[in-house]
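# make a model of this:
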Amino acid sequence: MAAFRLDPAHIAYEDDYLLILDKPAGMLVHPTTYERGTTLYDYVAEYYGRKGITADIHPVSRLDRNTSGLVIFAKEPIIQYWLSKQHIQKEYLALTAHHLPQKEGIIEAPIARTPDSIIKRCVSPEGKYAKTAYKHLLTNKGISLVQLQLFTGRTHQIRVHMAYIGCPLYNDNLYGTPGPQARHALHAYKLAFKHPVGDFPLEITRDLPEDLHKIIY
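Coordinates of the predicted model:
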């Protein structure tokens, strides 16, 4: 992706304990053996250095490379631990070119790794319990905007569950029409939880990003 610099437009919330960012699509959250220097973690480190912030960088939530939206970083290990012990409400916006079976519903279907792939997941009785709620918001230009809430956190859960009900995400070439991997139409738009220090409710939202907005509007 093009050169990136963390700036106020990407910061959804920040205090002495937390940093919540709106991650663009196409970026990993954490460095890997094969990719360093261009992940969200690296840009947080650069931001800390630029601002003179002496804090740790502990990802609390993660997103797929091609999913955009809200990611939480804890600035201390104990904050990361406290957040791991509470339920964080996570909601997403997605686009699909297929009609939903009903206006809203619950998908409860166990998810496992596909036997012949280290990346792809599938619904399988041998899998781990997974639950997703969906709600149709609107349809325009043959594309539907769907609101989804996760009750569990399995790898690729929304993408697998939507494909399972016959509605793979728009441009999801792993679970929809095969092809080179692209920016699937999924955005983590809302996080709600109790602040681990102040014990007050936090609800952070970010609008549908411009690239997905252009597809449906």
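# what mean pLDDT does the longest helix seen in the chain get?
Secondary structure of the chain per DSSP state H: the longest helix is helix 40-51. Averaged across helix 40-51, pLDDT comes to 95.
# next: stretch 56-65.
Mean predicted lDDT for stretch 56-65 stands at 93.
# what does stretch 176-190 give?
90.
# before we move on, what about stretch 198-207?
Averaged over stretch 198-207, pLDDT sits at 96.
# list the buried ones in that stretch?
Buried residues in stretch 198-207, counted by 16 or more other C-beta atoms under 10 Å: Leu202, Ile204, Arg206. Every residue, glycine included, has its C-beta placed from N, CA and C.
# reformat the residues you listed as TSV; add distance to Gly26 and secondary structure.
Formatted as TSV, those follow (distance: C-beta to C-beta, whole Å; DSSP: H, G, I helix; E, B strand; the rest coil):
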residue	distance to Gly26	secondary structure
Leu202	27	strand
Ile204	22	strand
Arg206	16	coil
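# can you pull out the strands in this protein?
Here the chain has its strands, by DSSP state E, at 11-14, 18-23, 58-59, 68-74, 89-96, 104-108, 111-113, 121-123, 131-140, 143-150, 186-194, 201-205.
# what lines up beside the third one in the sheet?
Pairing partners of strand 58-59, with direction, according to DSSP bridges: strand 68-74 (antiparallel).
# give me the contacts around the partner strand.
12, 17-25, 29, 40, 44, 56-63, 80, 83, 88, 92, 186-191, 204, 206, 209, 212 (C-beta atoms under 8 Å, 6 or more residues apart in numbering).
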